[in-house]
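Asker: coords below, sequence missing:
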């Protein structure tokens, strides 16, 4: 399977959460509360935040799967998956600003300075922004060795995103624990690969 075919196959699950949100919003306009529940704004913010974390972990998983399956060509979709992760993180932020903060600058400043889970979540988004901007081949050539160092910031972004999730979760930590477990497995696999050059 060539790089173009791989990207087309990967595109389907990457776009699906966005299409679900579009359909859900349409159905909510027809019958309020039918899909997104009593608080549609909070439901959309959670939906996009959840998929931002899932796609970021998926982007990290690409290298692991390519290495373990001995399918090096799989790495060609890593940038696309990473850009979708940033897109969902941005939709998460925009949904929060529009639907929960009501575009209020005062509310945004209060939340960023007074709510730690929002502060770390915004910090994670800023890191993903830097990675998305510098994801091109031109930036890779420009930054050279510093490019790899910069893009290791994805680990910090995931750590901050998990902290954000743990802090905002009021009950039932299964989702946060599951994501943390996946992240830990990916980190251990990378450590193992470096130690034994697998």
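Answerer: Okay, I see it. It should be emphasised that the depicted structure is a prediction, and the values quoted were computed from it without experimental measurement. Numbers count the residues shown, from 1 in each chain.
Asker: roughly how far does the spatially most central residue of the chain sit from residue 160?
Answerer: Nearest residue to the geometric centre of the chain (Cα atoms, centre = their mean): residue 52, 2.7 Å. From residue 52 over to residue 160 the distance is 12 Å, taken as Cβ to Cβ, to the nearest Å. (Glycine included, C-beta is placed from N, CA and C.)
Asker: go on, residue 149?
Answerer: Applying Cβ to Cβ to residue 149 and residue 160 gives a distance of 18 Å.
Asker: please report how far residue 83 lies from residue 138.
Answerer: 15 Å.
Asker: who has more neighbours out of these two?
Answerer: Neighbours were counted for residue 83 and for residue 138 using other Cβ atoms under 10 Å; residue 83 has more, 17 against 9.
Asker: and the more buried one, what's its pLDDT?
Answerer: pLDDT recorded at residue 83 is 98.
Asker: show me what the helix or strand hosting it is in contact with.
Answerer: According to DSSP states H and E, residue 83 maps onto helix 78-95. Residues outside helix 78-95 that contact it (Cβ atoms under 8 Å, 6 or more residues apart in numbering): 7, 10-11, 14, 17-18, 21, 41, 44-45, 48-49, 51-52, 55-56, 58-59, 62-63, 122, 124-125, 128-129, 131-132, 135, 154.
Asker: quick one on the thing from earlier: report the secondary structure element holding the residue nearest to the centre of the chain.
Answerer: helix 40-68.
Asker: and that helix, what does it pack onto?
Answerer: Applying 3 or more Cβ pairs under 8 Å, 6 or more residues apart in numbering; DSSP states H and E, we find helix 40-68 packed against helix 3-30, helix 78-95, helix 153-168, helix 174-196.
Asker: what about the very next helix or strand once past the helix holding residue 83, average pLDDT?
Answerer: The helix or strand immediately downstream of helix 78-95 is helix 105-114, counting by DSSP H and E. On average, the pLDDT along helix 105-114 is 95.
Asker: where does the prediction get shaky in this protein?
Answerer: Counting by pLDDT under 70, the ranges of the chain that qualify are 197-198.
Asker: just the terminal-to-terminal distance for stretch 72-86.
Answerer: Stretch 72-86 has an end-to-end distance of 24 Å (Cα to Cα, to the nearest Å).
Asker: what's the spacing between that stretch and its chain's center?
Answerer: Remark: stretch 72-86 is offset 12 Å from the chain centroid, using Cα atoms, centre = their mean, to the nearest Å.
Asker: and if you look at stretch 159-177?
Answerer: The mean C-alpha position of stretch 159-177 is separated from the chain mean by 14 Å, Cα atoms, centre = their mean.
Asker: and for stretch 79-96?
Answerer: Worked out by Cα atoms, centre = their mean, stretch 79-96 lies 6 Å from the chain centre.
Asker: circling back to that earlier point, now the buried members of the contacts of helix 78-95.
Answerer: Among the contacts of helix 78-95, the ones that count as buried by 16 or more other Cβ atoms under 10 Å are 10, 14, 17-18, 21, 44-45, 48-49, 51-52, 55-56, 58-59, 62-63, 122, 124-125, 128, 131-132, 135, 154.
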